[in-house]
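1. no sequence on hand, only this structure:
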């Protein structure tokens, strides 16, 4: 999700810090290439084919899943199920063999009518999958699974205020499980 609304904002903040960041995106555009920095390496890869990017898991400490859509486009196959649930599942499954990696999943406020019901249901299904995965793999290698909820798009289901809200101020940790 490094090319989306949240991803671009996070990358801007991380670019000013002394951290190495890999931002996986489905298509490297001229606009994204112009945003290249010393600490951020953008990688074009199909998220649903972990063999194209899972090598990155060898050298990282944290994976942040910002993949998502706010509206489905059935003609393009962009459903909440595919883009939200399947993406998070693909990432979490690929992380099973990575050592000491923390997975952060950005969810949503499930108790609001400001987002489409199907969107919230898919986010909840994804949360449940990740929590079960985290608890079932604690003895393996997944260090933690953190779910983050946010109300960054206040207003109606079409998210009209999205450019008026700071993307990181309303985050709160919802659930976390960590291996000591």
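-> Received the coordinates, thanks. Remember, it's a predicted structure, so these values are computed and weren't measured experimentally.

2. make it CA atoms for all contacts and neighbour counts henceforth
-> OK.

3. after the strand or helix carrying residue 91, next one along is what?
-> Here residue 91 is covered by helix 87-94, with elements defined by DSSP states H and E. Per DSSP H and E, the first helix or strand lying C-terminal to helix 87-94 is strand 101-106.

4. for the helix or strand following that following strand, packing partners?
-> Following strand 101-106 in sequence order, the next helix or strand is helix 117-137 (DSSP H and E). Applying 3 or more Cα pairs under 8 Å, 6 or more residues apart in numbering; DSSP states H and E, we find helix 117-137 packed against helix 80, helix 87-94, strand 142-149, strand 172-178.

5. angle of helix 117-137 against helix 87-94?
-> Per axes from the mean of the first three to the mean of the last three Cα atoms, to 10 degrees, the angle that helix 117-137 makes with helix 87-94 is 10 degrees.

6. what mean pLDDT does helix 117-137 have?
-> Averaged across helix 117-137, the pLDDT comes to 84.

7. what does stretch 70-87 give?
-> Here the average pLDDT along stretch 70-87 is 94.

8. just use 50 as the starting number from now, easier for me
-> Done: numbering now begins at 50, and the last item shifts to stretch 119-136.

9. helix or strand with the lowest mean pLDDT in the protein?
-> Lowest by mean pLDDT, DSSP states H and E among the helices and strands of the chain is strand 221-227, with a mean of 36.
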